[in-house]
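S.K.: Sequence and predicted model, in that order:
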Amino acid sequence: MKTRGERALILFVTAGDPSLEELPGIIGALAEGGADVVEVGIPFSDPIADGPTIQASSQRALDRGVTPPGILQTLGAVKADVPLVAMGYLNPMLRLGLGKSAQELKAAGVSGVIVSDLIPEEAGPWQEAARPEGLATIFLAAPTSTDARLVRVAEASSGFVYAVSRTGVTGDARGPEEALLLVDRLRSLTDLPICVGFGVSEPQHVRSVAEFADGVVIGSALVTLLAEKWHGGAGREQIVAQVQAWKAATLG
Amino acid sequence: MPTQSPGRFGAYGGRFVPETLVHALDELEAAFNAAWDDPGFRRELDDLLRDVVGRPTPLTETPRLSAETGLTVSVKREDLAHTGSHKINNALGQCLLARRMGKVRIIAETGAGQHGVATATACAMLGLPCEVYMGEEDCARQQLNLFRMKLLGAQVHPVGSGTKTLKDALNEALRDWVSSVRTTHYVIGSVAGPHPYPTLVRELQRVVGDEARGQYLDRHGRLPDAAVACVGGGSNAIGLFTAFLGDTSVELVGVEAAGLGLASGRHAATLVAGSPGVLHGAHSYLLQDEHGQVLATHSVSAGLDYPGVGPEHAQLKDSGRVRYIAATDEEALDAFQRVSELEGLIPAFESAHAFAAVFRGGLFAKGARVLVNMSGRGDKDMDVAARLLHF
């Protein structure tokens, strides 16, 4: 993570959509455009926290036969110029084994993990597996979380706290008012950097969120862009340009 | 997975949900505990269960079915509950609770449509707006219930994602709730989902077994040798079993859907053929591939066509207190037809799986006294039955 004072641009891409072979090239393009962190989505069959864009993207990846071992193997072969965070759901990690998941994520060069359906109260076994590997676990804070819960989320989190910008699933854009309130509450409770995601897409969203958060997460908008424009790398320049535009917006 | 979370059934249960929902689950737990301890709330629910639902539902003896099977079969008649299944016990209780909590909108998922109809009915009674998520495949095969929900004033959202069945309806209802949690109560229809739902739904459904146990004792002067229920998510089974858990002489049997046969891979026998994992907010058994992706299921019965199961069932399986078996589509259809012809009872396809157990030779000793929960009536299944049975 960046030190306080700079705004981080965090970009989400579904591993396997476009195809897994293209993932290293996509990560490279995102890094070139100015991404500070890339979240690599591990597709799950039943993504209850995701809106239609990431649902469809996950399904396309699964239809291509993408598996967690395949993703980790691909990531392990990349020399990414940018820190990687894995984002997904608990069950595939449970199936592989929490200890093995942590070891293999670390071996693949991943530095942190976000699990959409894991709350601090249930995270003990995972954190016991992640800690020896030096993997950060980033928990989500929601506008509906009480202050007591926000404290718990912040205490359990390492790296940064992921503030969910609104009461909703991914990809559903609304104004930043709920996010601003949430970040204000978190500021009084933690010194960790606070990054805001869910529903951030246009540069003006990025700009308004960057005014009060330490980082901005863009997911669905990039997933859509990659699906429409990547074309096996032919659209790389367009992707880099869009990332540059987002990055510029984080700078004010 | 020992954790700090409440609502565990041994290694199972818990809360595996997006953070957005946790406060609402805390509120629901507190509201339920307060309501359950409030004699006024209990009285209102009991009055409605008596005067609207028609409880207690009868216990019916089945001389011809008993002669045919060499058993003594008694049937708990949840098919006679208002709206045609046990689902109303839970839906009515949760909607009363939602009103008490000041929620102004109700959502639900449904597979066979029985829970959707029950929830729509409770909402009509209480004047609450109701939206129901139902897989597109289930909308087609349970069209009668789709019409009933619409007539009752509910808005039905067909779900076209994933396998277009109950699993996906639950996903979509959870996504709605993640976006609407401040104003909306989600009436989960089974003993599945994150804490407190498995406990809350069990407490609302245990009336089935509490009544049946008392009725059986009154009539027979003893307990049955076995009690049988079908298991999808598992609410009617938990409803029946809870009263008998301490009665070690009573064998408890849960019947899952074996679909086209366990070997075909096209089934919904979660406990019989699945493994532990996390789906829809709880750690329990599920049907999953080697990478932890949830598998598509198949059953002729929309209500059992689900790759998960309530976490208390997972514990009851591991402890050995309940024996779980699976009946194929063919066995269920055969039982559906034979129970209709022998006793004039037309069970729902779901309940026909429970009846399939009494036709399976060797499962029970000759002359055993078996209590079967007829969780619902089969009217909703007539279109599919007519096609499959070539009427």
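M.R.: The structure has been received and is ready for your questions.

S.K.: since we're on the residue nearest to residue B:383 when sequence neighbours are not counted, how many residues are nearby?
M.R.: Distance criterion C-beta to C-beta, 6 or more residues apart in numbering or on different chains; nearest residue to residue B:383, sequence neighbours excluded, is residue B:143 at 6.8 Å. To be clear about C-beta, it is placed using only N, CA and C from the backbone, and glycine gets the same treatment. Close neighbours of residue B:143, defined as other C-beta atoms under 10 Å in any protein chain shown, add up to 14.

S.K.: Could you list which residues are in contact with the one residue in the stretch 151-252 of chain A that gets nearest to chain B?
M.R.: Taking C-beta to the nearest C-beta, chain B has its nearest neighbour within the stretch 151-252 of chain A at residue A:168, 4.1 Å off. Counting by C-beta atoms under 8 Å, 6 or more residues apart in numbering or on different chains, residue A:168 touches A:51, A:174, A:198, A:199, B:20, B:178, B:179.

S.K.: re earlier: where's the residue nearest to residue B:383 relative to residue B:149, distance?
M.R.: When C-beta to C-beta, to the nearest Å is applied, the distance between residue B:143 and residue B:149 equals 11 Å.

S.K.: what about the nearest residue to residue B:389 once chain neighbours are set aside, helix or strand, and which?
M.R.: In space, not counting the residues next to it along the chain, residue B:389 is nearest to residue B:337; the distance is 6.5 Å by C-beta to C-beta, 6+ apart. Element membership of residue B:337, judged by DSSP states H and E, is helix B:329-343.

S.K.: do the same with residue B:227
M.R.: Secondary structure here is read from DSSP H and E; on that basis residue B:227 sits in strand B:226-230.

S.K.: hmm, back to that, which of the residues in the helix holding residue B:337 are buried?
M.R.: Applying a neighbour-count criterion of 16 or more other C-beta atoms under 10 Å in any protein chain shown, the buried positions in helix B:329-343 are B:329, B:331, B:332, B:333, B:334, B:335, B:336, B:338, B:339, B:340, B:342, B:343.

S.K.: C-alpha coordinates for it, PDB please?
M.R.: Once side chains and other backbone atoms are set aside, the C-alpha atoms of helix B:329-343 remain, and they are given as PDB (Å, rounded to 0.1, in the frame of the first residue of the first chain):
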ATOM      1  CA  ASP B 329     -37.300 -39.600  -9.100                       C
ATOM      2  CA  GLU B 330     -38.600 -43.000 -10.100                       C
ATOM      3  CA  GLU B 331     -39.100 -44.200  -6.500                       C
ATOM      4  CA  ALA B 332     -40.800 -40.900  -5.600                       C
ATOM      5  CA  LEU B 333     -43.100 -41.000  -8.600                       C
ATOM      6  CA  ASP B 334     -44.000 -44.600  -7.700                       C
ATOM      7  CA  ALA B 335     -44.800 -43.600  -4.100                       C
ATOM      8  CA  PHE B 336     -46.700 -40.600  -5.300                       C
ATOM      9  CA  GLN B 337     -49.000 -42.800  -7.400                       C
ATOM     10  CA  ARG B 338     -49.300 -45.600  -4.900                       C
ATOM     11  CA  VAL B 339     -50.100 -43.400  -1.900                       C
ATOM     12  CA  SER B 340     -52.700 -41.600  -4.000                       C
ATOM     13  CA  GLU B 341     -54.400 -44.900  -5.000                       C
ATOM     14  CA  LEU B 342     -54.100 -46.600  -1.700                       C
ATOM     15  CA  GLU B 343     -55.100 -43.800   0.700                       C
END
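
S.K.: Which residues of the stretch 251-391 of chain B lie near chain A?
M.R.: Within the stretch 251-391 of chain B, the residues that sit near chain A (C-beta under 8 Å from any C-beta of the partner chain) are B:276-281, B:286, B:288, B:290-294.

S.K.: Output these as JSON lines; include the columns neighbour count and distance to residue B:358.
M.R.: Output for these, formatted as JSON lines (neighbours: other C-beta atoms under 10 Å in any protein chain shown; distance: C-beta to C-beta, whole Å):
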{"residue": "B:276", "neighbour count": "18", "distance to residue B:358": "30"}
{"residue": "B:277", "neighbour count": "22", "distance to residue B:358": "32"}
{"residue": "B:278", "neighbour count": "28", "distance to residue B:358": "35"}
{"residue": "B:279", "neighbour count": "32", "distance to residue B:358": "31"}
{"residue": "B:280", "neighbour count": "28", "distance to residue B:358": "31"}
{"residue": "B:281", "neighbour count": "27", "distance to residue B:358": "34"}
{"residue": "B:286", "neighbour count": "26", "distance to residue B:358": "28"}
{"residue": "B:288", "neighbour count": "24", "distance to residue B:358": "31"}
{"residue": "B:290", "neighbour count": "9", "distance to residue B:358": "36"}
{"residue": "B:291", "neighbour count": "19", "distance to residue B:358": "39"}
{"residue": "B:292", "neighbour count": "26", "distance to residue B:358": "37"}
{"residue": "B:293", "neighbour count": "20", "distance to residue B:358": "36"}
{"residue": "B:294", "neighbour count": "24", "distance to residue B:358": "32"}
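
S.K.: No further questions, thank you.
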